[in-house]
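Asks: Coordinates for the following, if possible.
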Amino acid sequence: MTFEESLDFLNSYEPDDYRSLKIAQENWKSLISEDRGNLERLYDIYFATIKGFLGENDALALNGVKAYNFILAFSGTTTVASHGGKEEAWRILNERHAQHLDLLRRAISRPNSVVSEKFSRTKTGTWADIVTSMLDLYYWHKPYSNRDETLRTEAAMLVPEIYRAFPEHKSFLLPDHLMLHPDAIREAGDLIRFYTLEKGQPDAPLLVDLAYDMFGFHSDKGKPAHAQSAAILQHALSDASSWTEQQLDKFLEDVIFTPLDIQTYSQQKAEALLQSTIANYERLLRENKYESHLGTSAQTYRERDEKSLQMHRATLNLIQTDFDAWNGKRRDKAVQRLAVSATTRKAFKVVKTKLPAPYGERIGALLDEVADYSNRPKLYPPHKPSENRFKDLGLKLLVIEQLMYQQKVLKPQFDIHLFAKEYEKREISVEIDGYEIIPEVETYFKNLAISDELLAKVETLHQSSGLDGGSEFIYHLYPFWDPGSGDEAIPVSDKAISDLELLPNLNSISGLENSKPSAKLLKALAARDIKVSTEE
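Replies: Reported below is the predicted structural model:
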């Protein structure tokens, strides 16, 4: 495909065609790989098209749906993802940063209007899509290895203006941009006040997105919006005692309860929302446009949607047959979310303190339920170090694999996701913490008591290199363990020699070469007539 053909392709699809948008980005990715100069050409067209939108004449500017598609595709995820592409894109953006900021200021001041009648579900089809795409350029075109946030911080100075100029817009990245503002806590608090007190719109998508980042179910504990949620609310609610009942009601429902999915619904509205979701999944399955991506097969994506559809249908049935039970399940889930997040509990304690009666009491009642939940018996209670009899963790993990996951006699079977849901000393995020051994899981396995009766059932052990898919325990201890990237098996050391007394019926170990065992360990195994074989 030629460069000109890649631009013409933008005219061939509608802005709500996500599949074609990704093709457009892949076209450019290939062109950039062939000739890095094509990236400079794309930037030239980008600047010219933004100027065209702002009323300036430029021969390179695109028009109509072609222009809208170009801006959204170029500022997106994979356009410059080719080797070295991000570094070159960042160099160009750095050189033109001052000009880009000027265009962004002018873009913010332009009244919002419809740019495209068709748009994807994450967009609005309005001028605000262009504005936030301009800002997103600083996120998607930045190299992963570059820790210098100077450009993004300077762009973040304009983010509060975007929030105020386009209150009906939605952009999942905007809270990230906002929290790079030098005075992010005050600005975020002021925006909550702006939407609640001035606009009367605490349910505005941009504010709800910020609230989700602060304490929603999938809020990223590594992000400032979550970490600083208590301070943000402290500022936002500084004079909450003088707010009207309507303002307090809306704030609680839209900013506090919605991210935890305990906002008030009528049965009719709850049914309508689920029916809409179900209809969307049915459409996706009917169209069957699934594609393989990043090692995940199209069939896997389809099966995920089939399971989601089944789950949503079951939820709809519960809403229709026992509405109170459905609300109870939502409440229990929110309580659990608060119980495992000290950061979110701290934020909610601020809300409880700042809101006048009876609103503060509603938060207080929720926190009381959290305290009761914390006192419930746990599926994975902590074990004392004195309950552990093994000297070598590597060997013990092989024993756990055999008894817990293969024979299934050591119970309860450990699941990191269930453990994270009930762990309270800190918030464990598998997505963030899973790229190394999770300390709390290591401690759980290390101290886990195993009876002599169960240990006597161990006759064979296997240490996996990962070539056979890996042992099950490792994906709970180290969820994103990747032997293909150099991650090694947890070694069995000479300390295991004394542990052999605990395993009277052990007669074979396979795969021990993955531990690079010492001659001393091998001699001890041979002395007990324990056969050592290589991994098949």
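Asks: Next, give phi and psi for the residue of the chain most remote from its centre.
Replies: Distance from the C-alpha centroid of the chain, by C-alpha atoms, centre = their mean, peaks at Ala527 (50.8 Å). With angles defined as degrees, to the nearest 10, Ala527 sits at phi -60, psi -20.
Asks: How much space separates it from Lys520?
Replies: 11 Å (C-beta to C-beta, to the nearest Å). To be clear about C-beta, it is placed using only N, CA and C from the backbone, and glycine gets the same treatment.
Asks: Pop the domain breakdown of the protein in here.
Replies: 1-146, 385-533 (the TED database).
Asks: what's the span of the shortest one, first residue to last?
Replies: The reference is to domain 1-146. In domain 1-146, first residue to last residue: 31 Å (C-alpha to C-alpha, to the nearest Å).
Asks: ok now it, how far from the chain's centre?
Replies: 25 Å (C-alpha atoms, centre = their mean, to the nearest Å).
Asks: quick one: average pLDDT of that domain?
Replies: Domain 1-146 shows a mean pLDDT of 92.
Asks: going forward, begin numbering at 10 instead of 1
Replies: In the new numbering, first residue 10, that becomes domain 10-155.
Asks: and the domains of the chain as TSV, adding distance to Arg161?
Replies: Formatted as TSV, the domains of the chain follow (distance: least, C-beta to C-beta, whole Å):
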stretch	distance to Arg161
domain 10-155	5
domain 394-542	21
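Asks: Show me which residues of the lowest-mean-pLDDT helix or strand in the chain are buried.
Replies: Scoring the helices and strands of the chain by mean pLDDT, DSSP states H and E places helix 439-442 at the bottom, with a mean of 84. Across helix 439-442, burial judged by 16 or more other C-beta atoms under 10 Å covers Val439, Asp442.
Asks: Leaving out the residues flanking it, which one is nearest to Ile483?
Replies: Spatial nearest neighbour of Ile483, excluding adjacent residues (C-beta to C-beta, 6 or more residues apart in numbering): Trp490 at 5.0 Å.
Asks: again but with Ala174, I slipped
Replies: Nearest non-adjacent residue to Ala174 (C-beta to C-beta, 6+ apart): Ile117, at 5.3 Å.
Asks: With Arg173 instead?
Replies: Phe203 (6.3 Å).
Asks: Tell me the spacing between the one you found and Ile171.
Replies: Taking C-beta to C-beta, one finds Phe203 at 12 Å from Ile171.
Asks: which of the two has more neighbours?
Replies: Ile171 (23 against 19; other C-beta atoms under 10 Å).
Asks: Contacts only, for that one.
Replies: Ile117, Ala137, Val140, Thr141, Leu144, His178, Leu183 (C-beta atoms under 8 Å, 6 or more residues apart in numbering).
Asks: does it sit in a helix or strand, and which one?
Replies: Following DSSP states H and E, one finds Ile171 within helix 168-174.
Asks: any chance you could map the strands in the stretch 410-545 of the chain?
Replies: Taking DSSP state E, counting those that start in this stretch as the test, the strands found in the stretch 410-545 of the chain are 469-471, 517-519, 540-542.
Asks: now the last one, how far from the centre of its chain.
Replies: Distance of strand 540-542 from its chain centroid, counting by C-alpha atoms, centre = their mean, is 43 Å.
Asks: Asn20 contacts Val74, correct?
Replies: Yes. Asn20 is in contact with Val74 according to C-beta atoms under 8 Å; the separation is 6.8 Å.
Asks: coming back round to it: state the mean pLDDT of the helix or strand following the helix holding Ile171.
Replies: Counting by DSSP H and E, the element after helix 168-174 in chain order, helix or strand, is helix 183-187. Across helix 183-187, pLDDT averages out at 94.
Asks: Kindly report the same for stretch 335-351.
Replies: 91.
Asks: what does stretch 280-296 give?
Replies: Stretch 280-296 comes out at a mean pLDDT of 95.
Asks: Likewise for stretch 509-529?
Replies: Here the average pLDDT along stretch 509-529 is 96.
Asks: Counting neighbours, which bits of that stretch end up buried?
Replies: Those would be Leu509, Leu511, Leu512, Leu515, Ile518, Ser519, Gly520, Leu521, Asn523, Ser524, Pro526, for stretch 509-529 by 16+ other C-beta under 10 Å.
Asks: Out of the residues you listed, give me the two with the largest separation.
Replies: Leu511 and Asn523 (21.4 Å; C-beta to C-beta).
Asks: And Ser228, what's its pLDDT?
Replies: 85.
Asks: packing partners for the least confident helix or strand of the chain?
Replies: helix 425-431 (3 or more C-beta pairs under 8 Å, 6 or more residues apart in numbering; DSSP states H and E).
Asks: How far away from the center of its chain is the helix it packs on?
Replies: 16 Å.
Asks: Contacts for stretch 513-521 next, please.
Replies: 407, 464-474, 498, 501, 509, 534, 537-545.
Asks: Please repeat the previous calculation with a cut-off of 6 Å.
Replies: With contact meaning C-beta atoms under 6 Å, 6 or more residues apart in numbering, stretch 513-521 is reached by 465, 467-473, 539-542, 544.
Asks: one step back: output the strands of the stretch 410-545 of the chain in TSV, with distance to Pro421 appended to each entry.
Replies: Output for those, formatted as TSV (distance: least, C-beta to C-beta, whole Å):
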stretch	distance to Pro421
strand 469-471	21
strand 517-519	26
strand 540-542	31
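Asks: returning to what we had before: more neighbours, Asn20 and Val74?
Replies: Val74 (18 against 12).
Asks: how about the helix or strand harbouring the more buried one: buried residues?
Replies: Element membership for Val74 (DSSP H and E) is helix 73-83. By 16+ other C-beta under 10 Å, the buried positions in helix 73-83 come out as Val74, Ala76, Tyr77, Asn78, Phe79, Ile80, Leu81, Ala82, Phe83.
Asks: and which of the residues you listed is nearest to Ala380?
Replies: Leu81 (46.9 Å).
Asks: Quick check: the residue nearest to the closest one when sequence neighbours are not counted vs Ala76, distance?
Replies: Excluding the flanking residues, the one nearest Leu81 by C-beta to C-beta, 6+ apart is Ser142, at 5.5 Å. Ser142 sits 11 Å away from Ala76, going by C-beta to C-beta.
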